[in-house]
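Participant: What shape does this take:
(chains A and B)
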Amino acid sequence: METDSLVRLLLLLPLAGAVFNGILPLFIPSLRHRETLIGTVGTAVVAVPFLIAAYLFAGFHGEAHVANFYTWMAAGDFSVSFAYRVDQLSLLMTLVVTGVGALIHLYSVGYMHGDPGFWRFFAYLNLFVFAMLNLVLGDNLLVLFLGWEGVGLCSYLLIGFWYTDLKNSAAGNKAFIMNRVGDFAFLLAMFIFVKEIGSLDFARVIAEGPTMDQSTINWAVLLLFIGATGKSAQIPLFTWLPDAMAGPTPVSALIHAATMVTSGLYMLARLSPVVLAAPAIMNVIAIVGALTAIVAATIAITQNDIKKVLAYSTVSQLGYMFVASGVGAFFVAIFHVMTHAFFKGCLFLGSGSVIHGMHHVEHELHKDGHGHHLDPQDMRTMGGLKKYMPSTQKTFLLATLAISGIPLLSGFFSKDEILFKAFEAGTTGMSAAWFAWVVGLVTAFLTAVYMARAYYLTFEGTPRWPHADKLHPHESPWTITTPLWVLGILSVVGGYVGIPAVIGHGEYNLIHHFLAGGHGPVAERAVEAHVSLGTEWGLIVLGSLVAIVGFWTGRRLYLKDGLASDAALASRFGGAWKLWQGKYFVDELYEKIVVRPVIGGAEKAFAPFDKYVVDGMVNAVGYVTRAISYVLRYLQTGLVQSYAVAIVFGVLLVVGMMLFG
Amino acid sequence: MNIPYLTSIVIFLPLVGAVLTLLSRSVNTTRWTALVVTTVTFVVSLGLWTGFDPAVSTSDWPQLANVWAGWFGPGVDVKYFVGIDGLNLLLVLLTTLLGPIVVLSSWTYIHKHEKAYYTLLLILQTGVTGVFTSFDVILFYIFFELTLIPMYFIIGIWGGEERVYAAVKFVLFTLVGSLLMLVALLFLGFAAGEAINGGVFTTDWYTLVEFNMPAVQQGWLFLLFALAFSIKVPLFPLHTWLPDAHVQAPTGGSVILAGVLLKMGTYGLVRFCLPFFPDATHEYAMLFAVLAVIGIVYGALVSRAQTDAKKLVAYSSVSHLGFVVLGIFALTAEAMQGAFIQMINHGISTGALFLIVGMLYERRHTRAMADFGGIAKSVPVLSFFMIFTVLASAGLPGLNGFVGEFLILMGSFKSATVGSPWLIAIATTGVILAAVYLLYMVYRTFFGPLEIEANRTMKDLNPREVLLLLPLVILMIWMGFAPAPFLARSEPAVQDLLRKIDAKRAQSAPAAEEPVSMLYDGERFTPAPSVR
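Facilitator: Presented below is the predicted three-dimensional model:
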C-alpha cells in the first residue's frame, strides 16, 4: 500500500476503536460487559498501527513524506490542511506511542477487568492514541495543536475516570485547566507565526521563523516553551501531574509518563531550528528544566504513595529532557523520551501490578471483618513483595536500575548524554548550561536514592500490612506480566541505539544519525570546539559513579532499616524535609495567589457587580420611568403587548406620513 | 432543482404553519403540525444551500432574490426585497434547523396553551428568517420588531417565576435600541435618496451601501445602529437583560434566543454598520473591540460564579458573543469569517447546552447545580451529550467552537484596527476561562457521589431527546473537522464587504476637503422633505 493510505489507516484505526468501544456500548448497554470483545478491539486498533509504523520505518529511506488529506480551514490568506509528515522524528515517536501504547492496552485488559467502566476506559485510551498520533504526525502546528488538546482531553477524562469520587474529578479539572494555561501561550505563538510568516506549516515555520526579528523570535519561542511547560509538567505548571495519579495506573504509565507529557519535548525538537534562533530563551529552558528536575527529585524522596514517587520522578526526568533541549541537544531529549518511556512505563505498570496485589489484600482484610483500612498505594504498608510477585519485582528492579543510570542500562546512555551535552555547551560559552550540568549531576544522585528507596520499601524487607502471616497478594495475570517483561527488557537494551561518541567517533550513536546529524529533521546547537576524549571518558566515569553511589546509598538506608530511615532523614534534614514533603507548598501558593482571587473575585465581586451595579442602573432607569409614567398612567393600559402592537403600527404610520404626507 | 420564490417560501412557510396550528383541534395535532411545518421548512431551505453558488458574486445583487417593488407604491424606494448571499445563508439554515429541534424540545415541556405556544414559535421563525434575508432596511426593521412580540409572550407566559419582569425587560431593552435605530434609518434613507437616488427616499441595501456620507454624520448614525445591535448581541455592559430572559424563558425560547435572536445583533453589525459607515467603523473599532474583550473575560468570570446551570450558560453567551464582536471589528477576512462561523457555532453549542439543561429541569424541576451531583452514573447518555457539547463550547480543536475562536483571535491579532497583542492576549484568556466555568458545571452536576434519591432514579434520554440532539452533535464534529464548505460559502461575501469598506474609505479621504453636502447643515433633519 502507498504511504498515504497507510498513514490514513494508522490514524483512523484508533479513532474507529474509540467509536466502537465508546459510542456503541453507550447506546447498547448489553455491549458494556463484553470485556473480551472490547479489550481485543481496543488493543488491536493500537497494535496494528504499531505494525504499520514498523513497516514504514523499515521502508524509510531518509526522505520525509507528507500525506496531505484535505483543507481543514481556509479564510482570507490563511489556509491549513490535515497534512501528516512521515519522517525520522515522527516515525520514532509513532513507534513509541503505538508500541508502548499497545502494551499498555494489553495490560489494561487485565488491570481493568471487572470495572463497570471497562468500555469507557478503552474508548478514552483509543481516543488518546488517535490524538497523540495527530500530535506527532501532524505537518503543521494546528494539527499538532489538535492532538495537543486532544491528549489533554483524554487525560482529563481518564484522570477523572472514577468520577464518583470528586477528588478524582477535581484532579482532572486541574490538569485540563493548567494545560489550557499552556495552550493559551501556544495559541499566541501560533498567532505570531501566522502574522509574521502567514503559515503554520512546519516547513515554512522552520525556514522563515528564524528570519523574524529577534524580539519576535524570542516571544514566539518563549510562548511555545510556556505551552510546553503546561503539557510536560514543568515549573511553573507542574503541579497537575502528581494529582493526575488519581487516574487508573495504566493511564499514568501511558499518558502521564511515556507519551503525552513528552509532547512538549517533541514540539521543541520539531521546531528546533526556530528554538536555536532564540539563545536567550534557550537559557531559560535549560534553567527551568534543571530546577524542575531537582525540585521534583527532592519531593520524590519524601513521598509514601508509590505512584506519587513515580509521578515526581517523571516531572524530574522531564526536567532533564528540557535541559537537553535548552542546551540545543534536541535529539538527546528525544532519546531520553524513548528510554524514559520504557523504564518509566515499566515502573508505573509495575506499581499497578503491586496495587492490584495490595487491593486483593485489602479486599481480604475487608472480607474477614478485621476492620483494617489499607491504602493499596502506600509503600509503608508494603514490603517483602518479592516473594509473592516475582515477575513484578524483577522487572521493577531492572527499570529502577535503568532510571538510576546504572552503567550499560538504557537510562545510563540517555541521561549521560544529556549531562555531557550540558557540559559541552558550558565549555563553549553557554553559562546556563553549567548550572544545568551541576544540578543535573546532583539530581542524578537523588534519582538513584529515591528509586532505591521505592524499590526496597516495596519489594524487600518484611511485609508490613496487617495479618501478613495469613494474607498475601498474588502475582498478576499474564496480560499484566507480559508488558512488564517487554518493557523491562527494553529498559535494559533500549539505550544501545545511542552509544556515546567516544566509542567509534560517534559512529554507533544511531539515534543521532537518525534524528539529527544533518540528515534528520532535528537541528542541534553548533559546537565550535569539542571536548577532549579524556574529558569525555572522565564524565562517563563520573556519571556512573554518581548513579552507583546513589543507588548504594539508597540500598544501605532502606534495605534493612526500611521506614526507620525515613524518620532518620526527616530529623536530619529538618525544615528542608518538611518543605519537600509539603511539595514546596506550590499548590497552596497557587491557591492563594491565583485560584482564590479569580474564583473569589468572580463570586464576590463580579457577580454582585453585575447584579447590583450594571443591572441596578438599568432597573433604576426603569423605576424613574415608572415614576414619570405614574402621572401619565391614564394613557397606559399596562400591557406590553399593546405597546408592541402600537409600535409596529406607529412605525408604519410615521413612515407613511413621511412618504405621502 | 429550482423552486421559484424559494427564499420567500422559507420565510413564510412557518407563518402558514402558524395559521394551521391556530386552526388545529388537539394538542397532538398542534405539535405534529408544528413539527411537520418546521421540518418541511428545513428541507426546503436546503434548496438555498444547493441553489446558492459561492462563485457567483453577490456584490450587486443577492442570489435567489425575490422582489416586490409595488409594496409602498411609487415615489419611494421601499421594497419587499429578500435574497441570499454569503453573509446570511448559514444563519438562515441555522434558523430552519433549530425550528424542528425547538418544537421537539417543547413536546412535553410545554403544558399549557400549547396552541398559542406553537403558533408564536412559528411566527417567530418567520420573523427571524426575514431579518436575515431582507435586503431592504425597512423590511429588515419590520421583521426585527416582529420577532419581539412572540418572544415577549413566550417568555411572559411559559417562563419561570419571574417571567413577566424578564419579558418586559427584554422588550424594553430591545425597543430602546431599535427605536433609535429607526430614527437613524429614516435619516439615512432620506440622505441617501437626496444624494444618490434622485431625491427618492430609499432603503435598498445595495443603494445604501454605495452611499458614502461624511465622517461626522457617519459617527452618529453608526452609534445609533450599533446601539440597537449591541443590545441584541448583547455587548457588555448592555447584557443584563440576557440572563433574566434566558433563565425565565422556557427551553425552546432559550434555544431560539441564544441560537438565532442574538445573531440578529452581530449580523446587523456586519450587514449594516460596517458597509454603511466605514469611517465610523474604523473610528470606533477599538472601542467595540475593548468592550468585546471585556465581555469575553467578564462574562466568563460571572458565569463561573453562578449556582444555576442555566444562568451559567446564559452568561457564557456574553463571553462567546464577545469573540464574535471582536472578530467583526478586526476587519480582516480571517476574523470576519471566524465571526460568522462562531455565530453558527454558538447557535449549535449553546443551543444544545440549553436543551440539555432543559432536559435536566424537566426531570428534576430544578436547575441549581447543588441539587445534582454524580448523575453521570444514572444518566450516562445525557451526560455524554452534555460533556460533548461542553467541549465544543470550550473550543476543543476538532469540534466547531475551535474553528471560530481560532480564526477570530488569529485574524484579530493581525488586524490593523484592533491588533494590539496585549488586547488579543487578554481575549485569548477566554479559552482558559471557558474551561474553568464549563468544567466546573460538569464537575458540580455530573460527577461525585450520587447522593440524592431523585437523581438516582432519574431517567436517561428518550429517543425523541436523542433525535433532537443528534443533528447538533453531528454538526459540531462536521464543522470541527471540515469547516471548509461552510467557510467557502461566506468567503466571497466577506471579501466583497471588506473591499467595499476599503473602497469607501479611500473615496471619502479626499472627499473630506470638498464642501460637505448640504445634508450636513442639520436643517434637513426635520421630517418630510419633498420626496415626490
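Participant: Quick one: mean pLDDT for stretch B:367-375?
Facilitator: Averaging pLDDT along stretch B:367-375 yields 90.
Participant: Flag every buried residue along it.
Facilitator: By neighbour count with 16 or more other C-beta atoms under 10 Å in any protein chain shown, stretch B:367-375 contains the buried residues B:367, B:369, B:371-375. Yep, even glycine has a C-beta here, placed from its N, CA and C like the rest.
Participant: okay, how far is it across that stretch, tip to tip?
Facilitator: 13 Å (C-alpha to C-alpha, to the nearest Å).
Participant: ok, residues contacting it?
Facilitator: The set of residues external to stretch B:367-375 that reach it, using C-beta atoms under 8 Å, 6 or more residues apart in numbering or on different chains, is A:163-164, B:247, B:307-312, B:357, B:360-361, B:364, B:382-383, B:441, B:444-452, B:455, B:458.
Participant: what's the offset of it from the middle of its chain?
Facilitator: Distance of stretch B:367-375 from its chain centroid, counting by C-alpha atoms, centre = their mean, to the nearest Å, is 30 Å.
Participant: does A:T462 sit in a helix, a strand or a coil?
Facilitator: coil (DSSP: H, G, I helix; E, B strand; the rest coil).
Participant: Without its sequence neighbours, what residue ends up closest to it?
Facilitator: Nearest residue to A:T462, sequence neighbours excluded (C-beta to C-beta, 6 or more residues apart in numbering or on different chains): A:G384, at 5.0 Å.
Participant: Secondary structure element holding A:S90?
Facilitator: Assigned by DSSP states H and E, A:S90 belongs to helix A:88-111.
Participant: so what's A:L56 up against?
Facilitator: A:3, A:6-7, A:86, A:91, A:94.
Participant: how about these, which pair is most distant?
Facilitator: A:T3 and A:T94 (12.7 Å; C-beta to C-beta).
Participant: Those two: which has the busier surroundings?
Facilitator: Neighbour count, other C-beta atoms under 10 Å in any protein chain shown: between A:T3 and A:T94, A:T94 has more, with 25 against 17.
Participant: what's the spacing between that one and chain B?
Facilitator: 19 Å (C-beta to the nearest C-beta, to the nearest Å).
Participant: What of A:S410?
Facilitator: Using C-beta to the nearest C-beta, A:S410 is found at 34 Å from chain B.
Participant: Minimum distance to chain B, which residue of the stretch 201-350 of chain A gives it?
Facilitator: When scored by C-beta to the nearest C-beta, the stretch 201-350 of chain A has A:W219 as its residue closest to chain B, at 8.5 Å.
Participant: any idea of the pLDDT on that residue?
Facilitator: pLDDT recorded at A:W219 is 96.
Participant: still on that earlier bit, specify which member of the buried residues of stretch B:367-375 is nearest to chain A.
Facilitator: For the buried residues of stretch B:367-375, the residue nearest chain A by C-beta to the nearest C-beta is B:G374; the value is 6.1 Å.
Participant: Just confirm the closest one is within a helix.
Facilitator: No - with three-state DSSP as the criterion, B:G374 is coil rather than part of a helix.
Participant: check contacts around the residue nearest to it when sequence neighbours are not counted.
Facilitator: Leaving aside its sequence neighbours, B:G374 sits nearest to B:L450 (C-beta to C-beta, 6+ apart; 3.6 Å). Neighbouring residues of B:L450 by C-beta under 8 Å, 6+ apart: A:164, B:373-375, B:377-378, B:456.
Participant: Show the subsequent helix or strand relative to the strand ranked longest in chain A.
Facilitator: In chain A, ranked by residue count with DSSP state E as the criterion, the top strand is strand A:65-75. From strand A:65-75 onward toward the C-terminus, using DSSP H and E, the following helix or strand is strand A:78-86.
Participant: Cheers, nothing more for now.
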